[in-house]
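J.: Provide a 3D model corresponding to the input given below.
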Amino acid sequence: MFEQYPDLLSFDQCREILQIGKNSLLDLLHSQELEGMKIKNRWRIPKDRLLMFILAHK
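T.: All right, here's what the predicted structure looks like:
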């Protein structure tokens, strides 16, 4: 599942997978409902955390 994506996803890759908008993803990240980190002022989301989020919200 999602093998074509790197282990550390960009903001846009995460939006593409979840099929949500910018503000919705920012809300998830700021509320820490989805774990992510900023590296050089850009959001990065670990793929394993995204998969856990998806499974928890099925």
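J.: how about the strands in the protein?
T.: According to DSSP state E, the chain carries its strands in the segments 8-10, 37-39, 42-46.
J.: average pLDDT for the last one?
T.: Averaged across strand 42-46, the pLDDT comes to 98.
J.: name the helices or strands packed onto that strand?
T.: Contacting strand 42-46 under the criterion 3 or more Cβ pairs under 8 Å, 6 or more residues apart in numbering; DSSP states H and E are the following elements: strand 8-10, helix 11-18, strand 37-39. No exception for glycine: its C-beta is placed from N, CA and C like everyone else's.
J.: Turn those into a markdown table, including distance to Ser31 and mean neighbour count.
T.: A markdown table is the format used below for the helices and strands packed on strand 42-46 (distance: least, Cβ to Cβ, whole Å; neighbours: other Cβ atoms under 10 Å):
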| stretch | distance to Ser31 | mean neighbour count |
| --- | --- | --- |
| strand 8-10 | 18 | 16 |
| helix 11-18 | 14 | 16 |
| strand 37-39 | 15 | 10 |
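J.: that older thread, pipe the strands of the chain into JSON lines and attach distance to Leu26 per row.
T.: Listed next are the strands of the chain as JSON lines, based on distance: least, Cβ to Cβ, whole Å:
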{"stretch": "strand 8-10", "distance to Leu26": "14"}
{"stretch": "strand 37-39", "distance to Leu26": "12"}
{"stretch": "strand 42-46", "distance to Leu26": "8"}
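J.: Which one, of these, ends up nearest to Ala56?
T.: strand 42-46 (14.6 Å; Cβ to Cβ).
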